[in-house]
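# Have a look at this fold, sequence not included:
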């Protein structure tokens, strides 16, 4: 198939060269004819040959050059040759496009799937970040896992609201954990970052995605084959106890999944989901982040709130998503949420179904 395609392209190139040569020959002949015609004085054809002054032999046009029939024939041949040249160029362009498509399809067909070990590493990395309350980044693929690093990595990096999303390609990615500060960093080397259609090369010292407040022990246990650690874990302060509202990563993940199901079936418009929260108290989810999307999964808003809850009104039978003390974004508009709260209607839920779905974790109006 490839040899046939190469032969066809060579034939097309030879045809184009021949047509170009013919075009130049005809154009040259036509030009000579036009130059000769311009040397004949106006009205020379009507002058009596016996009384006309004979022009110098050096500029006298030949009979063939001045023959209008021959001139018209050459003009017609030149126009036909140009048309054939345009047709051949169009055919050549079409075959070039088809060859490009075949090459792209062949490259896609030969792309190897991710090794199972690499896939397991990406799944574990995503689960660790989700358990710690972080939604992104979203890994698309990686080629190999070698030397405490992932190679040939492709990832989507978005902000908490998901409004700006960058596509990162890197030859190598490392994961570093600082035990003392609880900072977890992913560094991408040797590649590019594309945002809003503009690609920029990655810095020489790496493009960093940082996650603060990470439970380092959980990260080390889940990713021993990837994470590089530094420092030591600090001793817990004397007399300091864990806040009653704090929840461990497993409980947080279970409630995030439950909230996804409840809000997904609630009929809220636009669709909102809770991406992360810090703790729970008296039916409230504390220090929460939300993202809103339309029916095409385009991000249309977001919110950061101190408290979020599913609120039921037994008197009216209305169920709402109640946000208190924060900031709400819808499109390009941003507004403050007071301590009195901002409500989003959940039309497909009743007080009874909301209580059942949330295991009683609701607040009452």
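Arrived safely. Since we're looking at a predicted model, the values are computed, not measured.

# Give me the number of neighbouring residues for residue 326.
Using other Cβ atoms under 10 Å, residue 326 has 21 neighbouring residues. (C-beta placed from N, C-alpha, C; glycine too.)

# Give me the nearest residue to it, chain neighbours excluded.
residue 305 (3.4 Å; Cβ to Cβ, 6 or more residues apart in numbering).

# for the helix or strand hosting the one you found, packing partners?
Assigned by DSSP states H and E, residue 305 falls within strand 299-313. Identification of packing neighbours for strand 299-313 by 3 or more Cβ pairs under 8 Å, 6 or more residues apart in numbering; DSSP states H and E yields strand 271-276, strand 284-293, strand 318-330, helix 351-357, strand 363-364.

# Who are the packing partners of the last one?
Secondary structure elements in contact with strand 363-364, counted by 3+ Cβ pairs under 8 Å, 6+ apart, are strand 299-313.

# buried residues in the strand it packs on?
Neighbour counts over strand 299-313 (16 or more other Cβ atoms under 10 Å) mark 299-305, 307-312 as buried.

# how about those in a markdown table, adding pLDDT and distance to residue 91?
Shown next, in a markdown table, are the buried residues of strand 299-313 (pLDDT from 0 to 100; distance: Cβ to Cβ, whole Å):
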| residue | pLDDT | distance to residue 91 |
| --- | --- | --- |
| 299 | 76 | 46 |
| 300 | 81 | 47 |
| 301 | 83 | 52 |
| 302 | 85 | 53 |
| 303 | 88 | 58 |
| 304 | 89 | 59 |
| 305 | 90 | 63 |
| 307 | 92 | 68 |
| 308 | 94 | 63 |
| 309 | 93 | 68 |
| 310 | 94 | 65 |
| 311 | 94 | 68 |
| 312 | 93 | 70 |
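
# Between these, which sits nearest residue 286?
Nearest to residue 286 among the buried residues of strand 299-313: residue 307, at 5.9 Å, using Cβ to Cβ.

# Would you mind confirming that residue 358 is in contact with residue 309?
No - contact criterion Cβ atoms under 8 Å: residue 358 and residue 309 do not qualify, at 9.3 Å.

# related to what we said a few turns ago, partners of the strand holding residue 305 in the sheet?
strand 284-293 (antiparallel), strand 318-330 (antiparallel), strand 363-364 (parallel) (DSSP bridges).

# Deepest-packed of these, please.
Counting by mean count of other Cβ atoms under 10 Å, strand 284-293 has the highest mean neighbour count of these, with a mean of 21.

# pLDDT averaged over that strand - what is it?
For strand 284-293, mean pLDDT rounds to 88.

# one step back: could you redo the strands paired with strand 299-313 as TSV and give each row distance to residue 116?
TSV is the format used below for the strands paired with strand 299-313 (distance: least, Cβ to Cβ, whole Å):
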stretch	distance to residue 116
strand 284-293	31
strand 318-330	40
strand 363-364	45
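
# Compare those and give me the one nearest residue 267.
Of all these, strand 318-330 comes closest under Cβ to Cβ, at 9.9 Å.

# Quick check: buried residues in the next helix or strand after that closest one?
On the C-terminal side of strand 318-330, the closest following helix or strand by DSSP H and E is strand 333-337. Residues of strand 333-337 classed as buried by neighbour count (16+ other Cβ under 10 Å): residue 337.

# Likewise for stretch 260-277?
262, 263, 266, 268, 271, 272, 273, 274, 275, 276, 277.

# In space, what's closest to the fifth one - neighbours in sequence excluded?
It stands for residue 271. In space, and not counting its chain neighbours, residue 271 is closest to residue 293: 5.2 Å by Cβ to Cβ, 6+ apart.

# From what I see, the one you found and residue 299 are in contact.
Yes - counting by Cβ under 8 Å, residue 293 does reach residue 299; the two are 5.6 Å apart.

# shaky segments in the stretch 101-250 of the chain?
Judged by pLDDT under 70, the stretch 101-250 of the chain has its weakly predicted residues at 101-112, 159-164, 236-245.

# Try it again at 50.
By pLDDT under 50, the low-scoring segments of the stretch 101-250 of the chain are 107-110.

# For it, just list every one of the strands.
138-141, 144-145, 150-158, 165-178, 183-195, 198-201, 207-211, 227-230 (DSSP state E, counting those that start in this stretch).

# Looking at those, spot the one closest to residue 328.
Closest among the strands of the stretch 101-250 of the chain, using Cβ to Cβ: strand 150-158, at 18.9 Å.

# which helices and strands does the closest one pack with?
Using 3+ Cβ pairs under 8 Å, 6+ apart: strand 150-158 touches helix 116-131, strand 138-141, strand 144-145, strand 165-178, strand 183-195.

# can you rerun that using 10 Å?
helix 116-131, strand 138-141, strand 144-145, strand 165-178, strand 183-195, strand 207-211 (3 or more Cβ pairs under 10 Å, 6 or more residues apart in numbering; DSSP states H and E).

# For residue 220, find the nearest of these.
strand 165-178 (6.7 Å).

# between the closest one and strand 183-195, how big is the angle?
160 degrees (axes from the mean of the first three to the mean of the last three Cα atoms, to 10 degrees).

# All further residue positions should be reported with the first residue as 49.
Understood, numbering begins at 49; the last thing we discussed is strand 213-226.

# now the angle between strand 255-259 and strand 213-226, please.
Interaxial angle of strand 213-226 relative to strand 255-259 (the same axes, to 10 degrees): 70 degrees.

# For strand 213-226, which strands pair with it and how are they oriented?
strand 198-206 (antiparallel), strand 231-243 (antiparallel), strand 275-278 (parallel).

# Distance of residue 371 relative to residue 330?
Distance, residue 371 to residue 330, by Cβ to Cβ, to the nearest Å: 16 Å.

# Give me the neighbour count for the residue nearest to residue 228 when sequence neighbours are not counted.
Of all residues not flanking residue 228 in the chain, residue 279 sits nearest, at 3.8 Å (Cβ to Cβ, 6+ apart). By other Cβ under 10 Å, the residues close to residue 279 number 13.
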